[in-house]
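*Asks:* Need coordinates for the following:
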Amino acid sequence: MWKKLFFLGLFSMAIVIGTPTEHVTGASGGVSRTFTHVSGTGTDRFLSISSSTDINTSETVSGVTFDGVSCTQIAQLNDGDSSSNLAVFGLIAPTSSASPLDVVVTFSSTPADEFCGVAITCTDVHQTTPYDVADVQTASDTEVGASNPSVTVPTATGEVVFDAVGTRKSATYTVGANQTDKANIVQSFTHLIVSSQAGADGGVMSGSWSTASPWAQIGYALKPTAAVGGRIMSSLTKHGGLAGYGGIAGQAGGLAG
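*Replies:* Next comes the predicted model:
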């Protein structure tokens, strides 16, 4: 009689990218901008909030909340001409909701009018260390590479790489190879582009502007949840043969039971 052996092992859940919420406004909102996002009810949620804002001089994002809960800064920087600010914040286990909840982006001082924001909830993301340190780059519109943003994010199979790109320039943007546009929005001259890539594709997040532009770019990789699950090894023993596997069979049998 052939037997099947069961063993328990760690394997990675596949990260699922939710539907992005896009928001643009040209109206002055004082030191904060507010929009809503549906975080969903999936397991092991992680919320990322990206913003690109027209600034007067050196305004930065001082904080982001979702449903009143403070998010953690992943990275932020101004573009090479200090004409716009790009920021990405994240939140582990955001409030579970099938209804829209408030995202509030607050600045160090009142920025100019143009604002673009994108919120994305992913599920099956590691709840202790959801992402690695971000890679950031910036350029002015007179530098070499002003038309071609690029960051390289350390990553691995099973992870999902994201990048955000911002500028304040009359231009269009095309994402690079093996990337999927998740959002590509503009308010007047202020742009925000968010794209994703499978970790197996290497982590180079790039793109091209239609004309030389002062840009900022942030890239980071989300890590999947590690789950415990059973797997089957078939046709390993027959009539109690392959005695060397007896210990494994006994242990697996006990765990499976």
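*Asks:* what number of residues lie near Thr152?
*Replies:* 14 (other CB atoms under 10 Å). All C-beta spots, glycine's among them, are computed from the backbone N, C-alpha and C.
*Asks:* Could you measure from it over to Asp44?
*Replies:* Taking CB to CB, to the nearest Å as the measure, Thr152 and Asp44 are separated by 27 Å.
*Asks:* ok, now Ile55?
*Replies:* 35 Å.
*Asks:* buried residues in stretch 156-172?
*Replies:* 158-169, 171 (16 or more other CB atoms under 10 Å).
*Asks:* pLDDT averaged over that stretch - what is it?
*Replies:* Per-residue confidence for stretch 156-172 averages out to 94 on the pLDDT scale.
*Asks:* now the buried residues of stretch 156-172 in JSON lines, with secondary structure and distance to Ser97?
*Replies:* JSON lines is the format used below for those (DSSP: H, G, I helix; E, B strand; the rest coil; distance: CB to CB, whole Å):
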{"residue": "Gly158", "secondary structure": "coil", "distance to Ser97": "27"}
{"residue": "Glu159", "secondary structure": "coil", "distance to Ser97": "26"}
{"residue": "Val160", "secondary structure": "strand", "distance to Ser97": "23"}
{"residue": "Val161", "secondary structure": "strand", "distance to Ser97": "27"}
{"residue": "Phe162", "secondary structure": "strand", "distance to Ser97": "22"}
{"residue": "Asp163", "secondary structure": "strand", "distance to Ser97": "27"}
{"residue": "Ala164", "secondary structure": "strand", "distance to Ser97": "24"}
{"residue": "Val165", "secondary structure": "strand", "distance to Ser97": "29"}
{"residue": "Gly166", "secondary structure": "strand", "distance to Ser97": "28"}
{"residue": "Thr167", "secondary structure": "strand", "distance to Ser97": "33"}
{"residue": "Arg168", "secondary structure": "strand", "distance to Ser97": "33"}
{"residue": "Lys169", "secondary structure": "coil", "distance to Ser97": "36"}
{"residue": "Ala171", "secondary structure": "coil", "distance to Ser97": "36"}
